[in-house]
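K.L.:
Make a model of this:
(one chain, ligands or ions: 1)
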Amino acid sequence: MNRFILGLQFHNFRHSSKIVNIFYNPLSVSSPISVWKILSIKLATNSNTRAFKDCDSESHKISAENTTTTTTWTPNATEERESAFKRTFRVLKEDLWNIRNSQINSREQRIPSEVDIAIIGGGIMGSSIAYWLKQRAPESFNLIVLERDPTYTCASTTLSVGGIRQQFSLPENIQLSLFSASFLRNIKRHLSVLDQDPPDIAFQPHGYLFLATEDGAAQMEANHKLQVELGAKIDLLSPSKLKEKFPWIRTDGIALASHGLENEGWFDPWSLLSAFKRKAISLGAQYVDGEVINFEFDKEHEKIIEESDDPYYSVNHLLVKTKTGDIKKIKFAVLIVAAGPSTGQVAKMLRIGTGPGILKPPLPVEPSFLYFFPFQSEEPDGTDLDVDYTFFNKSVWPVLAERVPAFEKIKMLSAWAGFYDYNTLDQNAIVGHHPYYNNIFFATGFSGHGIQMAPGVGRAVMELILDGSYESIDLTRFGVKRVIMNEPLLERNIV
Ligand SMILES: Cc1cc2nc3c(=O)[nH]c(=O)nc-3n(C[C@H](O)[C@H](O)[C@H](O)COP(=O)(O)OP(=O)(O)OC[C@H]3O[C@@H](n4cnc5c(N)ncnc54)[C@H](O)[C@@H]3O)c2cc1C
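P.N.:
Predicted structure coming up:
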């Protein structure tokens, strides 16, 4: 292996256990700073049952017999753990709230035939957008969120690691993440609901550590300059400083490192999703259980497309298949597609990728198995969410132990996999309306950094829809236009 970066995230969720998230990518497609990246690996006992649910199969979890060495990692004594007693009450309370809410929802599962705003996808992106729109103007319009799986079994959001960092190369990503950090810090103020416990996303402040070889050092320096200019607190470390700070890392072959000092860490994605959803509902958003399966197109005789004989079709109706199998038609004025890894499929239903002219280029967002793409010839096949544990033992572990000798003694107890909402054009967000349809917006393609961007992207989409332009962070460059023009906007620090 001639160049690499190692990213480590140590997790201590309330529901689960210590998690080390190791990013491994010997030859990243876009980044001159390669990134180590693999599936998230649990290093202690309990399991995050909320994250596994039905996506889980027995082979999804590792059995202790699969490995022979023992765990030597010990928890940091300074980290706070919630007491079992407190946790039991909190989880019970949350579950009762969810049951009550789902009963209210099922009692009220009257699906409107006409709405002002429809959002496809009730994951973190759809829920954040719903919240921002509704908090700005709770009484002004009706809004529904259509979600095919209210248990979020396979959603990116609930299978996510929940990491947040400022170490990106594009100003938009750095600004979004800085905003998110401040939003999360003030989450109780933003997302509390009357008579409910304030949200607690179990934020764990820990900086990301990126390592660059000679090839990546200049890019890392340029990234660092921009990050600091925009207000991020990031330390650039020479190999000797790195060794001083992290004596357990072998520094041979490393030219430079960058380490987040503030606003980086991780949180519980399920809690953030619940908080957004609960707040959006309290402000009047309606969540509808059902899968959007198609759209209806209306030929517009009075509209013509420049330099084309093709008629123009507008879209104002969607078809949703409910849990009971009924198909309902809903008329909408504005549609927002936030369907995560399935956004490309939804776009296809809108003739994006199959229509004429600017509809020809497909929306390049597809599910990407999290530990699928970094591994060149030894890539596992990413068709379901089962984890190939031999892959870890044979291909990942030796490389990790080479860089961090202490990893020789780790024992993996369980693991999970998930799908990225992967933008194959440039691994970057696609936000904004499609130039063909001025009433259809997308918020997708985050390729592994969507959960941390959700607060800022929700606000940006709200501004675009209600103000007609971006007022806070300008995300124009993330628009669909670059997809149509085939002009990638590369984020150089993809994990
Ligand atoms: C293992 C893993 C680790 C990650 N780690 C991080 C991290 O550390 N930091 C970070 O910022 N990001 C991380 N991510 C990425 C992040 O989780 C995603 O970018 C983000 O959750 C995307 O949110 P979303 O709402 O767009 O998609 P989703 O959470 O997938 O939500 C989309 C929803 O749309 C619904 N849907 C789809 N099609 C339809 C339809 N036709 N009709 C109705 N509903 C539909 C789905 O059921 C789903 O619930 C990680 C992702 C994975 C998989």
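K.L.:
The closest residue to the ligand within the stretch 1-150 of the chain: what's it in contact with?
P.N.:
Among the residues of the stretch 1-150 of the chain, Gly123 lies closest to the ligand, at 2.2 Å counting by CB to the nearest ligand atom. (C-beta placed from N, C-alpha, C; glycine too.) For Gly123, the contact set (CB atoms under 8 Å, 6 or more residues apart in numbering) comprises Glu147, Tyr152, Ala155, Ser156, Thr157, Thr158, Leu273, Ala338, Gly340.
K.L.:
Which of those ranks first by neighbour count?
P.N.:
Neighbour counts for those (other CB atoms under 10 Å) peak at Ala338, which has 30 neighbours.
K.L.:
Tell me the confidence at it?
P.N.:
In this prediction, Ala338 carries a pLDDT score of 98.
K.L.:
Distance check, Glu139 against Leu283.
P.N.:
9 Å (CB to CB, to the nearest Å).
K.L.:
Compare those two (neighbour count), which wins?
P.N.:
Taking neighbours as other CB under 10 Å, Glu139 and Leu283 compare with Leu283 leading, 19 against 8.
K.L.:
excluding its backbone neighbours, what's nearest that one?
P.N.:
Lys134 (3.7 Å; CB to CB, 6 or more residues apart in numbering).
K.L.:
same question for the strand or helix carrying the one you found, mean pLDDT?
P.N.:
Per DSSP states H and E, Lys134 falls inside helix 124-136. Across helix 124-136, pLDDT averages out at 98.
K.L.:
Show residues contacting the helix or strand following that helix.
P.N.:
Next along the chain after helix 124-136, taking DSSP H and E as the criterion, comes strand 143-147. For strand 143-147, the surrounding residues in contact (CB under 8 Å, 6+ apart) are 111-112, 115-123, 126-127, 130, 133-134, 280, 284-292, 318, 320, 330.
K.L.:
on that earlier part again, redo the contacts of Gly123 as CSV? Include secondary structure and distance to Val457.
P.N.:
What follows is the contacts of Gly123, written out as CSV (DSSP: H, G, I helix; E, B strand; the rest coil; distance: CB to CB, whole Å):
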residue, secondary structure, distance to Val457
Glu147, strand, 18
Tyr152, coil, 18
Ala155, coil, 16
Ser156, helix, 14
Thr157, helix, 13
Thr158, helix, 18
Leu273, helix, 14
Ala338, coil, 9
Gly340, helix, 13
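K.L.:
tell me, which of those residues make contact with the ligand?
P.N.:
Glu147, Tyr152, Ala155, Ser156, Thr157, Ala338, Gly340 (CB under 6 Å from any ligand atom).
K.L.:
following the host helix or strand of Met453, which helix or strand comes up?
P.N.:
According to DSSP H and E, Met453 maps onto helix 450-466. Next helix or strand after helix 450-466 toward the C-terminus (DSSP H and E): helix 481-484.
K.L.:
Could you tell me the phi and psi values at Pro488?
P.N.:
Dihedral pair for Pro488: phi -60, psi 150, per degrees, to the nearest 10.
K.L.:
Report how many residues lie close to the residue nearest to Leu283.
P.N.:
23.
K.L.:
can you pull the contacts of it?
P.N.:
Lys134 is in contact with Leu143, Ala280, Leu283, Gly284, Ala285, counting by CB under 8 Å, 6+ apart.
K.L.:
Repeat the analysis, applying 6 Å as the threshold.
P.N.:
Ala280, Leu283, Gly284, Ala285 (CB atoms under 6 Å, 6 or more residues apart in numbering).
K.L.:
TSV please, covering those and showing distance to Phe478, secondary structure and pLDDT.
P.N.:
Formatted as TSV, the contacts of Lys134 follow (distance: CB to CB, whole Å; DSSP: H, G, I helix; E, B strand; the rest coil; pLDDT from 0 to 100):
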residue	distance to Phe478	secondary structure	pLDDT
Ala280	23	helix	98
Leu283	26	coil	97
Gly284	28	coil	96
Ala285	24	coil	97
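K.L.:
Without its sequence neighbours, what residue ends up closest to Ile451?
P.N.:
Among residues not flanking Ile451 along the chain, Ser160 sits closest, at 4.9 Å (CB to CB, 6+ apart).
K.L.:
For the one you found, give its distance to Ala202.
P.N.:
Counting by CB to CB, the gap from Ser160 to Ala202 is 14 Å.
K.L.:
If you count surrounding residues, which of those two has more?
P.N.:
Shown here are Ser160 and Ala202; by other CB under 10 Å, Ser160 has more neighbours (27 against 18).
K.L.:
Quickly list the domain ranges of this protein.
P.N.:
Annotated domains of the chain cover 7-85+205-264+368-418, 112-158+273-366+424-484 [automatic domain parsing].
K.L.:
element containing Ser274?
P.N.:
Here Ser274 is assigned to helix 269-282, by DSSP H and E.
K.L.:
Give the partner strands of the helix or strand just after that helix in its sheet and their orientations.
P.N.:
Toward the C-terminus, helix 269-282 is succeeded by strand 286-304 as the next helix or strand (DSSP H and E). For strand 286-304, the pairing partners within the sheet under DSSP bridges are strand 143-147 (parallel), strand 311-322 (antiparallel).
K.L.:
Could you tell me the angle between strand 286-304 and helix 124-136?
P.N.:
Between the axes of strand 286-304 and helix 124-136, defined by axes from the mean of the first three to the mean of the last three CA atoms, to 10 degrees, the angle is 90 degrees.
K.L.:
which one of the domains of the chain is the most hemmed in?
P.N.:
Mean neighbours per residue, mean count of other CB atoms under 10 Å, is largest over the domains of the chain for domain 112-158+273-366+424-484, with a mean of 20.
K.L.:
Determine how far the last residue of that one lies from the first.
P.N.:
End-to-end distance for domain 112-158+273-366+424-484, by CA to CA, to the nearest Å: 34 Å.
K.L.:
do stretch 220-238 as well
P.N.:
End-to-end distance (CA to CA), stretch 220-238: 12 Å.
K.L.:
Surely Gly126 touches Ile119?
P.N.:
Yes. With contacts counted by CB atoms under 6 Å, Gly126 reaches Ile119, the gap being 4.6 Å.
K.L.:
anything in contact with each of the two?
P.N.:
Val145, Ala338.
K.L.:
Tell me the spacing between the residue nearest to Leu283 and Ile111.
P.N.:
18 Å.
K.L.:
List the pairing partners of the host helix or strand of Val431 within its sheet, with orientation.
P.N.:
Per DSSP H and E, Val431 falls inside strand 430-434. Strand 430-434 has the following sheet partners, assigned by DSSP bridges: strand 437-444 (antiparallel).
K.L.:
re the thing from before, and the helix holding Met453, what does it pack against?
P.N.:
Packing contacts for helix 450-466, counted by 3 or more CB pairs under 6 Å, 6 or more residues apart in numbering; DSSP states H and E, involve helix 124-136, helix 171-185.
K.L.:
so which strand or helix has Pro367?
P.N.:
Following DSSP H and E, one finds Pro367 within strand 365-369.
K.L.:
Next, Ile336: secondary structure please.
P.N.:
At Ile336 the chain is in strand, as set by DSSP: H, G, I helix; E, B strand; the rest coil.
K.L.:
Now do the contacts for it.
P.N.:
Ile119, Ile129, Phe441.
K.L.:
For the first one, name its beta-bridge partners.
P.N.:
To tie it back to what came earlier, the one meant is Ile119. Assigned bridge partners for Ile119, using DSSP bridges, are Val145, Ile336.
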